[in-house]
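S.K.: Attaching a predicted model along with its sequence, questions to come.
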Amino acid sequence: MKEYILTVDDIYENDRVDRYVCSVLADFSRSYIQKIIENGDLTVNGKNVRSSYKVRVGDVINVTATEQIPDIVAQDIPLDILYEDDDVLIVNKPKGMVVHPAPGHYTDTLVNAVIFHCRDSLSGINGVMRPGIVHRIDKDTTGSLVICKNDTAHEFIAKQLAEHSIKREYIALVTGVIDEDEGTVDRPIRRSASDRRKMAVDEGGKRAVTHYEVLKRFDKFTLIKCRLETGRTHQIRVHMSYIKHPVAGDTLYGNGMKTPVETCGQALHAQMIGFIHPRTNEYIEVFAPLPEYFEKFISACEKDR
């Protein structure tokens, strides 16, 4: 027997619980999950539910299964550590690295590297697939990401995330020239009805607010700083695409505009994260330097002016 603890992300809002669990634990069949539900071996927030239950963001789902997903192994993958103490670890995630394992992709993730670095000092709130993970950034987005080393720190940081009190600033290169010096996109986001890989602006979604400020204008691109008031999946990418200035290099939400350098995905960097420390109660800010490709992109744009 093995227990899996899952916390529902906004991308799965309103999915049936059996479909959601199959999406996250894809090694299990839907019929097997339905059998687990019928046997009372799946709970949502400590209560038994029907297979038709619609999950909500933040629901904690406990699944007790006889079949098992492979254990997540520690891997000696170098980490770019920006800050570390007994409670939190902040790393500069590189481009192309997935944050946590998923069915069919159990190795070479940030979690594999963090398990090796921290050993047994990781929070267990999000289960065996996501130890220490309190928030995520996309595979091809770089920058600062917080790992929690114990459950107390995890709960403390998660509360700040839920209250939108954590300060998060991103740097992005977007296509086209933005005329106004600053602006705000306040549009709700939910999963796209036509493509499950994507999120979309939709009145039936959750409120999402992105503030942006123009840092530099080039002939075909604009360098901006974005501050997240909320933290929806793909939020900056969706909002910038919505206002017709998608993030350069974005293969999912972009407009196909050719970039002067290879971006290997969206030119988006989580530059700064600021929060109240769970032990000291002091506010700290941690900055991640721009990656090399991003600097080259800016230089190429400056030469073309």
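M.R.: Yep, it's here.

S.K.: Without its sequence neighbours, what residue ends up closest to V111?
M.R.: Among residues not flanking V111 along the chain, H100 sits closest, at 4.5 Å (Cβ to Cβ, 6 or more residues apart in numbering). (C-beta placed from N, C-alpha, C; glycine too.)

S.K.: part of a helix, is the one you found?
M.R.: No: following the definition DSSP: H, G, I helix; E, B strand; the rest coil, H100 is coil and is not counted among the residues of a helix.

S.K.: which residues sit in contact with it?
M.R.: 109-111, 129-130, 133, 136 (Cβ atoms under 8 Å, 6 or more residues apart in numbering).

S.K.: out of these, which is most surrounded?
M.R.: Using other Cβ atoms under 10 Å as the neighbour criterion, V111 leads the contacts of H100 with 27 neighbours.

S.K.: That one in helix, strand or coil?
M.R.: Here V111 is recorded as helix under three-state DSSP.

S.K.: Nearest spatial neighbour of K198, chain-adjacent residues omitted?
M.R.: Distance criterion Cβ to Cβ, 6+ apart; nearest residue to K198, sequence neighbours excluded, is S192 at 4.2 Å.

S.K.: quick one: that neighbour and M199 touch, right?
M.R.: Yes: at 6.3 Å, S192 and M199 qualify as touching, with contact defined as Cβ atoms under 8 Å.

S.K.: Neighbour count for those two, which is higher?
M.R.: A side-by-side neighbour count of S192 and M199, using other Cβ under 10 Å, places M199 first with 25 against 15.

S.K.: need the contact list for that one.
M.R.: 11, 189-192, 232-235, 238.

S.K.: Among those, name the ones in strands.
M.R.: Taking DSSP state E, the ones among the contacts of M199 that sit in strands are 189-191.

S.K.: circling back: ok, so of the contacts of H100, who is nearest I36?
M.R.: Of all the contacts of H100, M129 has the smallest distance to I36: 17.0 Å, by Cβ to Cβ.

S.K.: Please, where are all the strands along the stretch 1-150 of the chain?
M.R.: Under the criterion DSSP state E, counting those that start in this stretch, the stretch 1-150 of the chain contains strands at 2-7, 42-44, 47-48, 60-65, 81-84, 88-93, 142-148.

S.K.: who touches the shortest one?
M.R.: Outside of strand 47-48, the residues within contact range by Cβ under 8 Å, 6+ apart are 37, 40, 42.

S.K.: I would like a ChimeraX command selecting only the buried ones among these, please.
M.R.: For the buried members of the contacts of strand 47-48, the matching ChimeraX selection, counting by 16 or more other Cβ atoms under 10 Å, is:
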select :37,42
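
S.K.: Would you map the helices across the chain?
M.R.: Secondary structure of the chain (DSSP state H): helices at 17-24, 30-38, 110-118, 151-162, 235-242, 292-303.

S.K.: give me the low-pLDDT residue ranges for the stretch 201-305 of the chain?
M.R.: Confidence mapping of the stretch 201-305 of the chain against pLDDT under 70 gives the ranges 305.

S.K.: Considering the ones in strands among the contacts of M199, which possesses the most neighbours?
M.R.: Using other Cβ under 10 Å as the neighbour test, the ones in strands among the contacts of M199 are led by I189, with 25 neighbours.

S.K.: related to what we said a few turns ago, for the ones in strands among the contacts of M199, which one is nearest I69?
M.R.: For I69, the nearest member of the ones in strands among the contacts of M199 is R191. The distance, counting by Cβ to Cβ, is 23.9 Å.

S.K.: pretty sure V214 contacts E182?
M.R.: Yes: with contact defined as Cβ under 8 Å, V214 and E182 form a contacting pair (6.7 Å).
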